[in-house]
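Q: coords below, sequence missing:
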């Protein structure tokens, strides 16, 4: 059951009680976030998305480096990777899928952070975001343990122990929120995390749906009077 369905069920119960009691009961809607680790399931819940695949930035077999506080902005999403040893404090690079360890996961070019963290600042109104996640160690050191990620959203929620698999399987983490997600921070358990196919969407917020539901129920109530 997705967030909209949960919200509608809550409102239906609340409004139903209001109708039976003959008085209005407040129906507060609290912000909530649903976590997904399967891209297909996330896409089914979200629908149409904007996808950032990092293609066409790095030269064949090479990389393009970003070491300024401005980071890299694509499709309205700003990517920034803090690095403690960089003079600017930041370092990230788009690496070509022709590089063997990058290509071992498939899906072409990827964004690689210079330490353990990737910060994404999202366009206004985004309520769903997801990304393929990988850790370089699992490609350059075959047989090394699977790594994990921690994700922190601007809405205040933190999700830990998100699995990141060795190649060729690309792991995924995605979220849908009842309130806008302004930013997403991903931190890996080992250095040089990589992300790809960062997708986002402005899913209609349940509050908008609620206005419609309450209006319809109010019309029904007035017809009974």
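A: Good, I have the coordinates. Not measured: the values here are computed from a predicted model.

Q: C-alpha only now, for contacts and for neighbours.
A: Will do.

Q: now the helices for this protein?
A: Using DSSP state H, the helices of the chain run over 3-21, 39-46, 100-103, 137-140, 206-224.

Q: Mind telling me which of these the model trusts least?
A: In terms of mean pLDDT, the lowest-scoring of the helices of the chain is helix 3-21 (a mean of 50).

Q: what residues are up against the closest residue to residue 184 other than its chain neighbours?
A: Ranked by C-alpha to C-alpha, 6 or more residues apart in numbering and with sequence neighbours excluded, the top spatial neighbour of residue 184 is residue 153, at 4.7 Å. The contact partners of residue 153, by C-alpha atoms under 8 Å, 6 or more residues apart in numbering, come to 181, 182, 183, 184, 185.

Q: ok, how many other residues are close to the closest residue to residue 88 other than its chain neighbours?
A: With sequence-adjacent residues excluded and distances taken as C-alpha to C-alpha, 6+ apart, residue 88 is closest to residue 68, at 6.0 Å. Residue 68: 17 surrounding residues under other C-alpha atoms under 10 Å.

Q: Likewise for residue 84?
A: Counted with other C-alpha under 10 Å, residue 84 comes out at 11.

Q: where does this structure dip in pLDDT?
A: Counting by pLDDT under 70, the chain has low-confidence residues at 1-31, 203-225.

Q: mind giving me the domain ranges of it?
A: In terms of domains, the chain is parsed into 3-29+207-224, 33-204 (source: automatic domain parsing).

Q: Out of those domains, which one sits most buried?
A: Of all those, domain 33-204 carries the top mean neighbour count, a mean of 19, counting by mean count of other C-alpha atoms under 10 Å.

Q: to the chain's geometric centre, what's the distance from that domain?
A: 9 Å (C-alpha atoms, centre = their mean, to the nearest Å).

Q: ok, residue 135 - contacts?
A: 147, 164, 166, 188, 190, 191, 192, 193, 194.

Q: And for residue 116?
A: Per C-alpha under 8 Å, 6+ apart, neighbours of residue 116: 81, 83, 187, 188, 189, 190, 191, 192, 193.

Q: mind checking how far it is from residue 195?
A: Distance, residue 116 to residue 195, by C-alpha to C-alpha, to the nearest Å: 12 Å.

Q: and if you look at residue 147?
A: The gap separating residue 147 from residue 195 is 14 Å, by C-alpha to C-alpha.

Q: Over to residue 187?
A: Distance from residue 187 to residue 195, counting by C-alpha to C-alpha: 11 Å.

Q: I'd say the residue nearest to residue 88 and residue 87 touch.
A: No: taking C-alpha atoms under 8 Å as the definition, residue 68 is not a contact partner of residue 87, at 9.2 Å.
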